[in-house]
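Asker: Below are the sequence and a predicted model; questions follow.
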Amino acid sequence: MRSMVFALLPLALLLALAVVACVLGYGVLHLISDELPLAKVISKTTQILLLLSIFPLKKILNLNWSDFGFTAPARFFKQMGQGLMLALITLLPVLLILYFLDVHVWDGGRTWTAGKVFEKVGLGLFLAMLIAIGEELLFRGLLFGSLRHKLPVCAAIVISSFYYAALHFLKSKTQIPYDQQTFASGFELMAEAFANWLNPNIISALIALFMVGVFLAVLRSRVPQSLGLCVGCHAGWVWQIKVSKDLCNVNPESDYLYLVSAYDGVVGPLVSLWLAVAIGVWLWVRRVWLKKSLVACRA
């Protein structure tokens, strides 16, 4: 019962902030511009409110920055670099497999110059880092850190990972013309966005993103003060996916298309299986190493 209450509290907060975003989005759109899609305005406003909620919730929940996984600046930035390397080790093999199986095919229609490649790679890494910092602060920082104080670690991992995965599909595709919008339009789009969680077509990508969340949460739980490691790993994954999508296209005729989902052409069953194996191997190796260290200390 206690676990259920704590599991539903983030959903209650999300619903409350989404309602506020619907009101603010409608007002902002009619005060500033009639060109932006209402659904996008509400989505971005909700994301901003979620990030801003970190600061009052930190105080309300009596958390400190170490509970978020922060460490000394020098170590934090070192962890980010290590996380980027971990991202290459864990995702690059998946991208290579998809390429050699012809799931991803080289986009020969684009002309690349050294300057353009540098721009794509550099800008992609910058945007990936922004995404990773925001999402890791929210999910492996605030959410996992607060749940860990109230629930067993396994429950904190599962709940935070579920919300991390689910929020990627909180989307509405309906476009309401500006002259047809009413105060209730935002709430209609909000209902559509939450209803998308029941769409069976997202299951493959949802499971894969859940495994991504589990991988990062396990990393966060097993390595002390490791938010920087999570940020670097997360950014490295997003960056590789962005670069891959710039260089390659998904081949709809591939016999192995089932290995990816329509979400981004990368996450899917292959990523789920790969990360599950990676988590299992890492935990096993870590357990063996700890046992050997304990034996050595006793000797």
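Answerer: Good, I have the coordinates.
Asker: Could you pull out the buried residues of stretch 167-179?
Answerer: The neighbour-count check on stretch 167-179 (16 or more other CB atoms under 10 Å) flags Leu167, His168, Phe169, Leu170, Lys171, Ser172, Ile176 as buried. For the C-beta atoms, the positions are set from N, CA and C on the backbone; glycine is no exception.
Asker: Can you verify my assumption that Asn251 contacts Asp102?
Answerer: Yes. Here Asn251 lies in contact with Asp102, judged by CB atoms under 8 Å, at a distance of 5.4 Å.
Asker: who's more crowded, these two?
Answerer: Using other CB atoms under 10 Å as the criterion, Asn251 and Asp102 rank with Asn251 on top: 16 against 13.
Asker: which residue sits closest to the more buried one, ignoring its sequence neighbours?
Answerer: The shortest distance from Asn251 to any non-neighbouring residue, by CB to CB, 6 or more residues apart in numbering, is to Val105 (4.7 Å).
Asker: what about that neighbour, how many neighbours?
Answerer: Val105: 14 neighbours (other CB under 10 Å).
Asker: quick one, what contacts it?
Answerer: Neighbour list for Val105: Tyr99, Cys248, Asn249, Val250, Asn251 [criterion: CB atoms under 8 Å, 6 or more residues apart in numbering].
Asker: In a strand, it, correct?
Answerer: Yes. Applying DSSP: H, G, I helix; E, B strand; the rest coil, one finds Val105 inside a strand.
Asker: so it bridges to which residues?
Answerer: Under DSSP bridges, the beta-bridge partners of Val105 are Asn249.
Asker: for the helix or strand where Val231 lies, which positions count as buried?
Answerer: In this structure, Val231 sits in helix 227-247 according to DSSP states H and E. Residues of helix 227-247 classed as buried: 227-245, 247 (neighbour count, 16+ other CB under 10 Å).
Asker: repeat for stretch 136-152
Answerer: For stretch 136-152, by 16+ other CB under 10 Å, it's 136-148, 151.
Asker: just stretch 274-294 next, same as before
Answerer: Buried residues in stretch 274-294, counted by 16+ other CB under 10 Å: Trp274, Leu275, Ala278.
Asker: Same question for stretch 68-84.
Answerer: For stretch 68-84, a neighbour-count test (16+ other CB under 10 Å) marks Phe68, Gly69, Phe70, Thr71, Phe76, Gln79, Met80, Gln82, Gly83, Leu84 as buried.
Asker: can you check stretch 202-220 too?
Answerer: Quick answer for stretch 202-220 (16+ other CB under 10 Å): 202, 204-220.
Asker: Return the subset of the residues you listed lying in helices.
Answerer: Using DSSP state H, 204-220 are the members of these that sit in helices.
Asker: Pull the contacting residues for Ile97.
Answerer: Listed by CB under 8 Å, 6+ apart, the contact set of Ile97 reads Leu270.
Asker: angle of the helix or strand of the chain at the bottom of the mean pLDDT ranking against helix 227-247?
Answerer: When the helices and strands of the chain are compared on mean pLDDT, DSSP states H and E, helix 269-298 comes out lowest with a mean of 82. Going by axes from the mean of the first three to the mean of the last three CA atoms, to 10 degrees, helix 269-298 is angled at 150 degrees with respect to helix 227-247.
Asker: so what does helix 269-298 touch, helix or strand wise?
Answerer: Applying 3 or more CB pairs under 8 Å, 6 or more residues apart in numbering; DSSP states H and E, one finds that helix 269-298 contacts helix 73-100, helix 203-222.
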